[in-house]
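Student: What follows is a predicted structure for the sequence shown.
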Amino acid sequence: MHRFLYKNNNLYCETVKIEDIAHKVETPFYLYSYATLLDHYRKIKRAFAPVKPLICFSMKSNSNLTVCRALVKEGAGLDIVSGGELYKALKIGAKPEKIVYASVGKTAMEIDTAIKKGILFFNVESASELVIIENLCKRLNRRTKISLRINPGIRPRTHRFVTTGISESKFGLDFSTAGEIFAKRNAFPHLDIIGLHMHIGSQITNKAPFVNALRKIAPFIKNLRDKGISINYINIGGGMGIIYSKERPQTAKEYARAILPILKKLKVKVILEPGRFISGNSGVLITRVLYVKKTPRRRFIIVDAGMNDLIRPALYDAYHEILPLRRLGKVETFIKTDVVGPICESADYLAKNRRLPKVEEGDLLAIMGTGAYGFSMSSNYNARPRAAEAMVIKGRYYIVRRRETYQDLIRGESIPRILGTSSKVPPSSMKKI
Ligand code: PLP
């Protein structure tokens with residue numbers, strides 16, 4: 001459930017009428033509901049309470065400082081995938097001992113910082129990465145905890161771009177390589193290799209793939225223990241699906257009920273890394289209709305949000321419900337329409353051939369379910385400043401990231417003197433790259 005609901009045919013975020021915000025904040029902008037965010041976090045926490053898990057919110061789904069701060073303040077840890085996410089995590093006061101770090105391509109510099117900051121776990125995805133971490137720990141005279149990310153060879157029914165646990169994918173280690181690493185663990189005297197990690201994909205709507213993956217991992221753990229190798233942690237990743245359209249994903253309770261028996265038997269500390277489940281339906285993208293255009297074959301609603309603001313439809317053919325901020329009620333007429341952005345790409349659409357209420361130029365629309373992988377995947381493509389982000393907290397809205405300006409678009413750029421320098425753009429230095 002989320003807190004974007006109609007009252008008297010006006011769409012509200014909690015108790016605040018969204019149209020009132022749109023009169024003050026330039027569109028497009030993202031709008032988050034604090035109550036929804038916390039509610040989803042608490043749902044997982046309650047469902048998994050019997051194993052007292054550490055819930056590390058996956059920052060890649062939404063790394064807005066206020067979103068992350070709200071969850072950290074509530075007790076969440078963070079799942080990071082880059083030095084940039086670590087930087088943002090520390091900025092908002094996240095405790096390093098609640099941060100876990102996955103990525104197939106961590107650089108030595110990123111690893112070095114994460115060791116020095118004392119994060120909880122590196123989720124290691126290759127044997128070479130392990131060697132780098134060991135060498136850096138040795139140089140720093142530090143120890144660090146390691147989880148090996150297992151690729152269990154499970155194919156969940158989700159989009160191929162967000163499938164990460166099949167044997168053809170770049171993520172994680174197969175059981176045999178992981179087993180070899182455990183056998184050679186003494187070669188890594190600065191590492192405590194005491195955890196296993198998995199993340200089999202995203203927007204997984206049924207529990208079977210998780211159960212199947214854990215059923216493969218459980219005997220592997222038993223086998224390690226039989227050899228005297230301790231496994232104290234299991235990180236089961238994220239991946240829980242949410243409702244975008246007509247899907248009926250497992251609830252947090254159903255998910256927990258299915259896998260808790262396996263987890264309890266393993267007698268390990270449990271870590272989860274949900275992203276979309278917490279942030280997805282906590283955010284909407286508010287956009288204004290610029291033009292309504294009819295061609296012999298189609299009817300287009302051209303809005304001021306483009307694929308640079310929300311790339312999911314272009315990238316995954318993702319469905320997002322579209323609601324007018326003001327609806328007419330019973331007399332509504334529905335028309336089949338394409339909702340498209342202003343970007344020079346045919347992939348720049350938000351909905352295709354969708355039955356939508358008749359809208360007019362100047363009307364405001366909410367693109368629903370865009371709190372995860374919305375702003376965090378946005379870009380400046382077509383030299384478009386990125387949208388503002390706002391959050392409703394206890395009856396008031398706050399701008400939590402201002403809209404970018406044209407100055408932001410050229411920040412960091414410079415022109416070599418040889419080309420003549422405009423007075424507005426700094427000349428580039430002669431530094432070797
Ligand atoms: N953990 C890891 C390692 C991931 O790669 C991802 C997403 O790609 C997540 C957690 C979060 O996934 P989701 O947003 O589907 O919960």
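Tutor: Yep, it's here.
Student: Past the longest helix along the chain, which element shows up next along the chain?
Tutor: Ranked by number of residues, the top helix in the chain under DSSP state H is helix 208-226. Per DSSP states H and E, helix 208-226 leads on to strand 233-235 as the next helix or strand towards the C-terminus.
Student: Next SSE downstream of that following strand?
Tutor: Toward the C-terminus from strand 233-235 - assigned by DSSP H and E - lies helix 252-266.
Student: Please spell out which residues along that next one are buried.
Tutor: Buried residues in helix 252-266, counted by 16 or more other CB atoms under 10 Å: 252, 255-256, 258-260, 262-263, 266. Glycine gets a C-beta too; all of them are placed from N, C-alpha and C.
Student: re the thing from before, and the longest helix of the chain, which residues are buried?
Tutor: 209-210, 212-214, 217, 220-221, 224.
Student: What are the boundaries of the helices in the stretch 251-400 of the chain?
Tutor: 252-266, 276-279, 312-316 (DSSP state H, counting those that start in this stretch).
Student: Got phi/psi on the residue of the stretch 301-433 of the chain found nearest the ligand?
Tutor: Using CB to the nearest ligand atom, the single residue of the stretch 301-433 of the chain nearest to the ligand is Ala372, 5.8 Å away. Per-residue torsions, Ala372: phi -110, psi 140 (degrees, to the nearest 10).
Student: Just list the residues touching it, thanks.
Tutor: 61-62, 242, 275-276, 278-280, 283 (CB atoms under 8 Å, 6 or more residues apart in numbering).
Student: Would the longest strand along the chain count as contacting the ligand?
Tutor: The longest strand of the chain (DSSP state E) is strand 283-294. No - Strand 283-294 lies out of reach of the ligand by CB under 6 Å from any ligand atom, never closer than 13.0 Å.
Student: Now that strand: buried residues?
Tutor: 283-289, 292.
Student: Repeat that for stretch 128-140.
Tutor: In stretch 128-140, counting by 16+ other CB under 10 Å, buried: 129-130, 132-134, 136-137.
Student: Identify the spatial nearest neighbour of the residue nearest to the spatial centre of the chain, chain neighbours not counted.
Tutor: Nearest to the geometric centre of the chain sits Ser61, at 1.2 Å (CA atoms, centre = their mean). Spatial nearest neighbour of Ser61, excluding adjacent residues (CB to CB, 6 or more residues apart in numbering): Gly275 at 3.0 Å.
Student: what do you get for Arg215?
Tutor: That would be Ile262: by CB to CB, 6+ apart, it lies 6.9 Å from Arg215.
Student: Ok, Ser33 next?
Tutor: Per CB to CB, 6+ apart, closest to Ser33 is Arg3, 4.5 Å.
Student: got the contact list for the one you found?
Tutor: 12-14, 33, 35-36, 39 are the contacts of Arg3 under CB under 8 Å, 6+ apart.
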